[in-house]
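Chemist: 3D model of this:
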Amino acid sequence: MKNILTLLFLILFCSSCELNTTENHKNENDSMVSFENGDIMTSATEDPLGTKFSYPTGEAAITSQIKRWAPGFQSPWHYHPYTGIAYVVQGELTVNYDSETSIDDVGGEKSIVTSQTYKAGDKAFLGVANMWHLSENKGSEDLIFIVSWLGEKDKALAVLEEK
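Modeler: Modelled structure (predicted):
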């Protein structure tokens with residue numbers, strides 16, 4: 001009888017532990033990201049640096065990506081030949097631009113001329129095309145963002161700096 005009571009106690013205890021773990025995990029996920037109905041971008045015609053948006057000249061293709069970067073992540077210097085529509089879901093995305101170096105200068109020295117930071121909950125923005133930049137997560141939590149590139153079929157979405 002004592003063994004049966006001990007077994008029942010263990011089953012009840014383990015069941016409540018599993019339930020609490022599941023509820024805590026669910027609550028963490030629910031509080032991590034919340035959405036409201038509404039527009040995240042309306043009639044955008046310029047990127048954050050004032051460049052007018054234009055469609056690609058070849059056969060149009062859209063590529064959508066979800067990116068998750070740990071705190072401290074930093075991309076290499078690169079540029080995109082196309083505009084992208086970006087939206088930060090969690091954390092902060094800092095983009096550092098070099099507006100003075102020609103995109104043809106793939107091996108030259110790059111330097112930060114201006115920076116922009118985009119935070120979760122901000123409106124979506126157009127990614128700057130044809131300008132060297134490096135992007136980073138300067139925050140203390142994972143950065144999650146979505147970007148959809150308005151590019152050309154079978155063409156690269158980014159050009160990396162050569163070292």
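Chemist: how about the helices in this structure?
Modeler: Here the chain has its helices, by DSSP state H, at 2-32.
Chemist: find the centremost residue of this protein, please.
Modeler: With distances taken as C-alpha atoms, centre = their mean, the residue of the chain nearest its centroid is Phe145 (2.2 Å).
Chemist: look up how far Lys67 lies from the closest residue to Lys119 other than its chain neighbours.
Modeler: Nearest non-adjacent residue to Lys119, counting by C-beta to C-beta, 6 or more residues apart in numbering: Glu92, 5.0 Å away. For every residue, glycine as well, the C-beta is placed using N, CA and C. Distance from Glu92 to Lys67, counting by C-beta to C-beta, to the nearest Å: 13 Å.
Chemist: are there residues contacting both of the two? Which ones?
Modeler: Leu143 (C-beta atoms under 8 Å, 6 or more residues apart in numbering).
Chemist: low-confidence stretches in the chain?
Modeler: 1-35 (pLDDT under 70).
Chemist: can you give me the domain boundaries for it?
Modeler: 1-32, 60-160 (automatic domain parsing).
Chemist: so which of these is the most packed in?
Modeler: domain 60-160 (a mean of 16; mean count of other C-beta atoms under 10 Å).
Chemist: now do the same end-to-end measure for it.
Modeler: Using C-alpha to C-alpha, to the nearest Å, the end-to-end distance of domain 60-160 comes out at 22 Å.
Chemist: and for stretch 108-119?
Modeler: 31 Å.
Chemist: residues contacting Pro81?
Modeler: Contact analysis of Pro81 by C-beta under 8 Å, 6+ apart lists 129-130, 151, 155-157, 159.
Chemist: recalculate using a threshold of 7 Å.
Modeler: 129-130, 159 (C-beta atoms under 7 Å, 6 or more residues apart in numbering).
Chemist: JSON lines please, covering those residues and showing distance to Gly38.
Modeler: Below are the contacts of Pro81 laid out as JSON lines (distance: C-beta to C-beta, whole Å):
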{"residue": "Ala129", "distance to Gly38": "26"}
{"residue": "Asn130", "distance to Gly38": "31"}
{"residue": "Val159", "distance to Gly38": "35"}
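Chemist: strands of this protein, start to end?
Modeler: 60-69, 78-79, 84-90, 92-98, 114-119, 125-126, 132-136, 143-152, 159-160 (DSSP state E).
Chemist: now do stretch 78-90: distance to the chain's middle.
Modeler: 8 Å (C-alpha atoms, centre = their mean, to the nearest Å).
Chemist: same check, this time on stretch 112-123
Modeler: Here the centre of stretch 112-123 is set off from its chain's centre by 11 Å, with C-alpha atoms, centre = their mean.
Chemist: please consider this matter closed, and thank you.
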